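K.L.:
sequence and predicted structure below; questions after.
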Amino acid sequence: MFDFLNVRKLYKPSFVKLEACSACNLRCKECYMRKNEKNPNIIKPGYLKAKDFESFLIKNPFVKQIELSDNGEIFLNPELGAIIRCATFHNVSLTCDNGCNFNRVSDDILRDMVIFGSFKFIRFSIDGASPETYSKYRVGGDFNKVIENIKKLNAYKKEYNSEAPLMVWQYIIMESNCDIEEIRKAKRLAFELNMQILFKKDYCGFIPENKKEIFDETGISYDNDNLFNDVEEKPYCCIGNIMCPQINYDGKFLFCCFKFLYEPLFDLNVFELGLEKVLRDKRVKTLRKLLMGKIKPTKEMYKQYPCLYCDEYKKMIKHNRFVKESDLKY
């Protein structure tokens with residue numbers, strides 16, 4: 001196993017998260033971006049430029065997979081088509097695993113996602129199985145338009161005999177959509193659309209009264225205080241950030257996909273410095289050691305490392321569940 005913390009040779013991640021667009025066309029009720037939009041330090045709406053994307057791939061040929069979604073809606077990026085074509089040319093796979101609302105997407109992009117082959121996976125955030133239920137949370141969204149766009153994408157996949165991109169319907173169980181018939185309707189519709197469906201708990205902590213029925217229908221248990229579906233003894237989400245660093249659309253090194261304030265982590269820019277130099281930075285290595293429990297934070301560190309105030313890090317300390325070397329796969 002390769003220990004990128006203690007040896008001179010640098011760990012070069014084959015998978016990174018590079019946000020395609022931080023703007024969004026919806027106003028979802030619990031969206032942290034919307035709740036903090038008056039904060040002067042919040043990430044401003046913007047999008048990844050195709051020229052920056054190509055330059056990044058040329059300078060970092062070890063990167064083979066890129067997650068494009070984080071704080072915004074990737075399909076609002078006017079240069080997404082060029083990004084898809086560039087990824088194909090450089091043999092890089094693209095995913096939208098964090099999710100999209102898919103309300104606005106052009107036919108050209110739908111076709112490009114299929115014919116160029118680089119776009120491998122997409123997760124749709126659809127919290128409801130009807131326009132009435134869907135719009136209660138996804139404010140400003142059009143359920144029928146989303147389903148229409150998915151059907152168009154399926155039509156292109158059929159026309160070009162392609163299995164990609166694989167599609168998953170994400171359904172967060174909330175007060176507005178926890179009716180068991182609504183859940184069953186979503187499962188039937190997902191099957192008709194040739195999609196997998198993934199049910200998730202509401203990260204705000206909602207617990208439905210019909211939790212037994214929901215368990216029978218979805219397999220999600222509310223008999224523990226874990227907000228995530230996976231209740232095994234695994235590290236918290238920081239393992240993903242250690243393996244797959246988060247980069248903003250303008251190259252600012254955010255490190256974490258939960259970070260939505262614009263203060264760049266240690267004022268590092270991947271586009272300007274290069275990913276290897278950023279990952280060699282002493283402060284980045286120290287942060288990784290903190291998240292792996294190799295060192296304990298000092299008072300001075302709390303001034304330098306915003307991650308130490310994160311609820312996820314607090315959980316790691318409370319339950320002594322740090323990222324371990326055996327959890328990391330290189």
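P.N.:
Nice, I can see it. Just so it is clear, the structure is predicted and the values come from calculations on it, not from any experiment.

K.L.:
for Lys200, grab phi and psi.
P.N.:
Backbone geometry at Lys200, expressed as degrees, to the nearest 10, gives phi -130, psi 150.

K.L.:
Lys120 contacts Leu166, correct?
P.N.:
Yes - counting by CB atoms under 8 Å, Leu166 is a contact partner of Lys120 at 6.7 Å. All C-beta atoms are positioned from the backbone trio N, CA, C, and that covers glycine.

K.L.:
helices of the stretch 1-150 of the chain, residue ranges please.
P.N.:
In order along the chain, the stretch 1-150 of the chain carries the following helices (DSSP state H, counting those that start in this stretch): 32-35, 50-59, 80-89, 107-115, 131-137, 143-159.

K.L.:
what's the fourth one packed up against?
P.N.:
Using 3 or more CB pairs under 8 Å, 6 or more residues apart in numbering; DSSP states H and E, the elements in contact with helix 107-115 are helix 80-89, strand 119-125, helix 143-159.

K.L.:
over to the third one?
P.N.:
For helix 80-89, the contact count by 3+ CB pairs under 8 Å, 6+ apart identifies helix 50-59, strand 93-100, helix 107-115 as packing neighbours.

K.L.:
tell me the contacts of Phe121?
P.N.:
Contacts for Phe121 were tallied using CB atoms under 8 Å, 6 or more residues apart in numbering; they are 95-97, 164-168.

K.L.:
buried among the residues you listed? Need that as a selection in ChimeraX.
P.N.:
Buried subset of the contacts of Phe121, written as a ChimeraX selection, criterion 16 or more other CB atoms under 10 Å:
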select :95,96,164,165,167,168
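
K.L.:
for Asn6, give me the pLDDT.
P.N.:
Among the per-residue scores, Asn6 shows a pLDDT of 41.

K.L.:
no no, Phe255
P.N.:
Per-residue confidence (pLDDT) for Phe255: 78.

K.L.:
same question, Glu54
P.N.:
pLDDT recorded at Glu54 is 98.

K.L.:
that older thread, tell me which of the helices and strands packed on helix 107-115 sits nearest to Leu287.
P.N.:
Nearest of these to Leu287, taken as CB to CB: strand 119-125 at 27.7 Å.

K.L.:
parallel or antiparallel, list what pairs with that closest one.
P.N.:
strand 93-100 (parallel), strand 166-173 (parallel) (DSSP bridges).

K.L.:
now the first one against helix 80-89, angle please.
P.N.:
Between the axes of strand 93-100 and helix 80-89, defined by axes from the mean of the first three to the mean of the last three CA atoms, to 10 degrees, the angle is 140 degrees.

K.L.:
how about the last one?
P.N.:
With the same axes, to 10 degrees defining the directions, strand 166-173 sits at 130 degrees from helix 80-89.

K.L.:
I'd like the average pLDDT over strand 166-173.
P.N.:
Averaging pLDDT along strand 166-173 yields 97.

K.L.:
list of residues touching it?
P.N.:
Residues outside strand 166-173 that contact it (CB under 8 Å, 6+ apart): 99, 120-128, 137, 150, 153, 177, 183, 186, 190, 193-203, 206, 208, 214, 218, 220.

K.L.:
using ChimeraX, define a selection of the buried residues within those.
P.N.:
Buried subset of those, written as a ChimeraX selection, criterion 16+ other CB under 10 Å:
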select :99,120,121,122,123,124,125,126,127,128,137,150,153,177,183,186,190,193,195,197,199,200,201,202,206,208,214,218
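
K.L.:
show the low-confidence segments of this protein, by residue range.
P.N.:
In the predicted model, the chain carries pLDDT under 70 at residues 1-11, 32-33, 35-37, 224-242, 257-265, 325-330.

K.L.:
can you tell me the centre-most residue of it?
P.N.:
Central residue of the chain (CA atoms, centre = their mean): Asn98, 2.7 Å from the mean position.

K.L.:
grab the nearest non-local neighbour of that residue.
P.N.:
On the basis of CB to CB, 6 or more residues apart in numbering, the spatially nearest residue to Asn98 that is not a chain neighbour turns out to be Ser69, at 4.0 Å.

K.L.:
re the thing from before, how about the residue nearest to the centre of the chain, what does it touch?
P.N.:
17, 67, 69-70, 123, 257.

K.L.:
isn't there a helix covering Ala186?
P.N.:
Yes - with DSSP: H, G, I helix; E, B strand; the rest coil as the criterion, Ala186 is part of a helix.

K.L.:
quick revisit: from the contacts of Asn98, which is closest to Asn25?
P.N.:
Asn25 has its nearest neighbour among the contacts of Asn98 in Ser69, at 13.9 Å by CB to CB.

K.L.:
hmm, back to that, next one: the residue nearest to the centre of the chain from Asn71, what distance?
P.N.:
Using CB to CB, to the nearest Å, one obtains 9 Å as the distance from Asn98 to Asn71.

K.L.:
again with Leu279
P.N.:
Per CB to CB, Leu279 is found 22 Å from Asn71.

K.L.:
repeat for Gln65
P.N.:
Here the distance between Gln65 and Asn71 works out to 20 Å (CB to CB).

K.L.:
those two: which is more packed in?
P.N.:
The residue with more neighbours, out of Gln65 and Asn71 and counting by other CB atoms under 10 Å, is Asn71; that gives 24 against 18.
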